[in-house]
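# Fold the following and give me the result.
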Amino acid sequence: MSHGGEKGIGVLERIARAPLVQRLRELIARDPLFASALGIGAVLRLGAMIGYPGALWFSGDSYVYVGAALRPRPDLSKVTGYSLFLRMLLPFHSFTLVTGLQHLMGLAIAVMVYLVARHAGVSKRWSTAATLPVLLDGFEIEDEHMVMTEVLFTFLVMLAMLLILWRRQTFWPVALGAGLLVGYAVTVRTEGLPILVLFPVFMVWRGWRTWRGWLGVVALTVGCVAPVAAYAVWFHEWNHSWSITLTRSGGFYAWGRVSSFADCSVIKPPADELKICPSGSPSSRTPPGDYIWHAPQVHQDLPGGPVSVANNSLLTNFAIRAVEAQPIGYLGSVFDDLLLSVEWPRHKYPDAGTVSYYYFRLQPQYIPNNHSWIPGGTAYSDAVSYGHASPSTVVEPFAALMSLYERVFYTWGPLFGLIMLCGLGGVVRIEGIRERQPRLAWSRRAGSMLPWVTAVVLLVFPIATADFDYRYLLPVLPFAGLAAGLAFAPARVRRGRPVPPSAVPQEDDLPSQVPGPVS
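Purely as a prediction, here's the structure:
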């Protein structure tokens, strides 16, 4: 054998003995089902990277994020915490690196779902099933390949949740770290604002009986507030105004929300708000996510545009007045949008142009070179400056295969509804059926409450404040899947009560190490 051949064998042996490779081999041996699902998910993501070198783009938003990465500043219409992530990777000048890391985050989210489920005593089969919406959903994979915020946001919140749920009592350094993750996530997507309240409230509910529990609550709260406060100060330094939403577009989107039902003959707004009354009858208007971009009331008719301090306040006041005058109309519009999440087939909502960005395309995307979203460069020049390559490339036949896959394999609306219902089964249960006195009671299954409530909040909040968008479902899926998986965890029995045989998992269902309790 040649000397070079011996060296090659030596390299292979060292790779085989590497800690990561050994852990992968252990995972495959311990749970081949999950390892197979994870492998398929990885192959699909590799197909996306080969078929679309670089990244995919969402008109407007992606251009803002890249521009703010090159020339850091808080934007008036959306938070730019995601741009800080892009800024960190700027020295490499590679969108392939950006999307590659985002695909790894997608896989890591699935691994965290699996770990939390197994830690709570869920069987390997159901733990794996809980990860499938993340691993195999074509829209999840396409979104991971876009210069967009969803996957980073979801990764941060899921990691924070894992830290909180891993032990019944979360030590304060861990709670502080979880809080910092949540706080940064809010600067990535303001749809996470309710999480700033939800996670500390959960910690209070779980640990209020001990001083260590309260210490964890304080640490988590401080961690949540710190990045948000820092961003708010940065925003003020640039724009000389404070905003609870970290932008000046809250009124713009709220006005769009109420445009779906607002009737000024019922609202009777003051004189200064008459000019922003939506035109026509509510039934004649397009969905809010489309209407706000074409309505002259909030563009041409508002000097300074919708994101000035005065106009943001004007639009916000009108939206509040509309909800107060027509609460049934508001609740009905939110409910109608919630139904879209469980309907099939999908609608072209809010419009065909928006939905087209959520599919793998067979032609390179057009990046405008005649408009600037962040002062100092156009969308095209910013993309080239960041990536040092053509901003959009398509490679066949991989692009066609990914496009076909996405149109068939995704979480259909009825399936999404079923997943949400399964998760609810881990939060509440029906007791007293045999005694013919049915009643609802809190479930004693470990951990479902926080993931399920998080899924509900991330689903409802954007709809309640702006409009429904299929992209907004993507951060919901991992938490909904985790909650559904935890519904199959063995029920915790109160102290002093005998453990029924049905509540004891079989030996094959237990993790290799006995899990600690997860609340």
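# how far away is residue 100 from residue 48?
Between residue 100 and residue 48 the distance is 10 Å, computed by C-beta to C-beta, to the nearest Å. No exception for glycine: its C-beta is placed from N, CA and C like everyone else's.
# Looking at these two, which is more packed in?
Taking other C-beta atoms under 10 Å, residue 100 and residue 48 do not tie; residue 48 has more neighbours (23 against 16).
# Surely that one is in a helix?
Yes - assessed by DSSP: H, G, I helix; E, B strand; the rest coil, residue 48 belongs to a helix.
# From residue 103, how far off is it?
Noted for residue 48: a distance of 7 Å to residue 103, by C-beta to C-beta.
# Spit out the residues that contact these two alike.
Common contact partners of residue 48 and residue 103 (C-beta atoms under 8 Å, 6 or more residues apart in numbering): 141, 144-145.
# Most neighbours out of those residues, which is it?
Within the shared contacts of residue 48 and residue 103, neighbour counts (other C-beta under 10 Å) peak at residue 144, which reaches 28 neighbours.
# wait, doesn't it sit right on residue 152?
No - at 9.7 Å, residue 144 does not count as touching residue 152 under the criterion of C-beta atoms under 8 Å.
# quick one: low-confidence parts of the protein?
Counting by pLDDT under 70, the chain has low-confidence residues at 1-21, 23-24, 429-447, 492-519.
# what does the domain assignment say about it?
Following automatic domain parsing, the chain resolves into domains at 9-246+348-509, 250-340.
# burial measure for residue 84, as a count.
Neighbours of residue 84 using other C-beta under 10 Å come to 16.
# got a list of what it touches?
The contact partners of residue 84, by C-beta under 8 Å, 6+ apart, come to 69, 72, 187.
# Which one (most neighbours) among those residues?
Highest neighbour count within these, by other C-beta under 10 Å: residue 187, with 26 neighbours.
# right, and the helix or strand after the one helix or strand that residue maps to?
Secondary structure from DSSP states H and E places residue 187 in helix 172-188. Proceeding N to C from helix 172-188, the next assigned helix or strand is helix 195-207, under DSSP H and E.
# elements contacting that next one?
With contacts defined as 3 or more C-beta pairs under 8 Å, 6 or more residues apart in numbering; DSSP states H and E, helix 195-207 has these neighbours: helix 150-165, helix 172-188, helix 211-239, helix 449-465.
# need the ones you listed in TSV with distance to residue 303, can you?
Shown next, in TSV, are the helices and strands packed on helix 195-207 (distance: least, C-beta to C-beta, whole Å):
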stretch	distance to residue 303
helix 150-165	34
helix 172-188	30
helix 211-239	18
helix 449-465	25
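# Out of those helices, flag the one nearest residue 262.
helix 449-465 (15.0 Å; C-beta to C-beta).
# Now the element after the closest one, going C-ward?
helix 476-486.
# Output that next one as PDB, nothing but the C-alphas.
The C-alpha trace of helix 476-486 is given here as PDB (Å, rounded to 0.1, in the frame of the first residue of the first chain):
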ATOM      1  CA  VAL A 476     -45.900  28.700  15.300                       C
ATOM      2  CA  LEU A 477     -45.300  25.200  13.900                       C
ATOM      3  CA  PRO A 478     -42.400  24.200  16.100                       C
ATOM      4  CA  PHE A 479     -44.100  25.200  19.400                       C
ATOM      5  CA  ALA A 480     -47.400  23.700  18.300                       C
ATOM      6  CA  GLY A 481     -45.600  20.400  17.400                       C
ATOM      7  CA  LEU A 482     -43.800  20.400  20.700                       C
ATOM      8  CA  ALA A 483     -47.000  20.900  22.600                       C
ATOM      9  CA  ALA A 484     -48.700  18.100  20.700                       C
ATOM     10  CA  GLY A 485     -45.800  15.800  21.400                       C
ATOM     11  CA  LEU A 486     -45.800  16.700  25.100                       C
END
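# can you give me the angle that helix makes with helix 449-465?
Taking axes from the mean of the first three to the mean of the last three C-alpha atoms, to 10 degrees, one finds helix 476-486 and helix 449-465 inclined to each other by 150 degrees.
# oh, and call the first residue 34 from now on, that's how I've got it
Fine by me, first position is 34 from now on; the one you just mentioned is helix 509-519.
# what does helix 509-519 contact?
Contacts of helix 509-519 (C-beta under 8 Å, 6+ apart): 142-143, 146, 149-150, 153, 155, 159-160, 162-167, 170, 173, 187, 190-191, 194, 444, 449, 452-453, 455-457, 459-460, 478-481, 484-485, 487-488, 491-492.
# repeat for stretch 300-317
Contacts to stretch 300-317, defined as C-beta under 8 Å, 6+ apart, come from residues 288, 291-297, 318, 324, 328, 330-331, 334-335, 347-348, 350-351, 354-355, 358-359, 362.
# Please list only the buried members of these.
Of the members of these, the ones counted as buried by neighbours, 16 or more other C-beta atoms under 10 Å, are 288, 291-295, 297, 318, 324, 328, 330-331, 335, 347-348, 350-351, 354-355, 358-359, 362.
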